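>>> dropping the sequence and predicted coords here.
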Amino acid sequence: MASASAAARRTAGPRRPSAFPVRASFVLATAALLTGCSRGAEPLPADEAVGHYEDVAAGVSGALASSGREFSYLAPSESVTEDGGTCLYRAGQWESGQSFDGDLTERAAWNEYAEPVEEVLAEHGFTDLGRVHRRGALHHLAATDRHGARFELDEQGRFTIADARVDADPCTAEALGIG
């Protein structure tokens with residue numbers, strides 16, 4: 001009988017020594033995506049960056065107007081920085097002054113706000129907002145676009161657009177027409 005048991009184990013195939021390398025690769029890839037680390041991001045031409053993300057912000061503001069929120073731009077929250085030879089544009093932060101309702105620890109509670117925003121983001125090349133993220137006690141949804149820009153919508157009724165790769169030389173606010 002012992003040999004039948006041994007034969008059954010052999011036909012099942014060898015056991016993989018550990019799933020750790022596969023899991024670790026998956027976790028690292030996911031972390032890179034979620035942190036906006038997109039080295040292969042396609043830079044947006046400097047003369048298009050400001051207008052493009054202004055259109056995104058206006059669309060998101062309009063999509064959330066049906067929830068009774070009116071968003072305003074927080075000045076000065078726009079900036080241009082260089083990081084390791086990459087020119088990054090932060091379009092800024094907008095706030096409504098009105099927190100979103102519900103227990104926003106789960107995605108289902110965000111759906112009434114997220115769905116209209118996702119439609120706007122998709123029109124401008126962003127990914128879906130996906131799952132709920134947490135930074136400290138604050139919950140938020142996030143999406144990225146092909147330029148590396150990260151969009152975040154938080155439970156306090158704010159959204160930001162940051163880290164868009166821009167083709168600007170020199171990497172200055174003036175090169176983007178905001179100086």
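Cool, the structure landed.
>>> do you know the pLDDT at residue 140?
Note on residue 140: pLDDT of 97.
>>> nearest spatial neighbour of residue 98, skipping sequence neighbours?
Excluding the flanking residues, the one nearest residue 98 by C-beta to C-beta, 6 or more residues apart in numbering is residue 157, at 4.8 Å. Any C-beta I mention is one placed from the backbone N, CA and C, and that applies to glycine too.
>>> do residue 54 as well
Residue nearest to residue 54 in three dimensions, not counting chain neighbours: residue 91, with 7.3 Å by C-beta to C-beta, 6+ apart.
>>> ok, that neighbour to residue 145 distance?
11 Å (C-beta to C-beta, to the nearest Å).
>>> also residue 175?
20 Å.
>>> before we move on, what about residue 62?
Going from residue 62 to residue 145 by C-beta to C-beta gives 18 Å.
>>> and these two? Which one has more around it.
Neighbour comparison, residue 62 and residue 145: the larger count goes to residue 145, with 24 against 12 (by other C-beta atoms under 10 Å).
>>> now residue 100, nearest residue through space, not along the chain?
residue 155 (5.3 Å).
>>> what's around the residue nearest to residue 98, how many residues?
18.
>>> in this structure it contacts residue 69, no?
Yes: with contact defined as C-beta atoms under 8 Å, residue 157 reaches residue 69; the gap is 6.1 Å.
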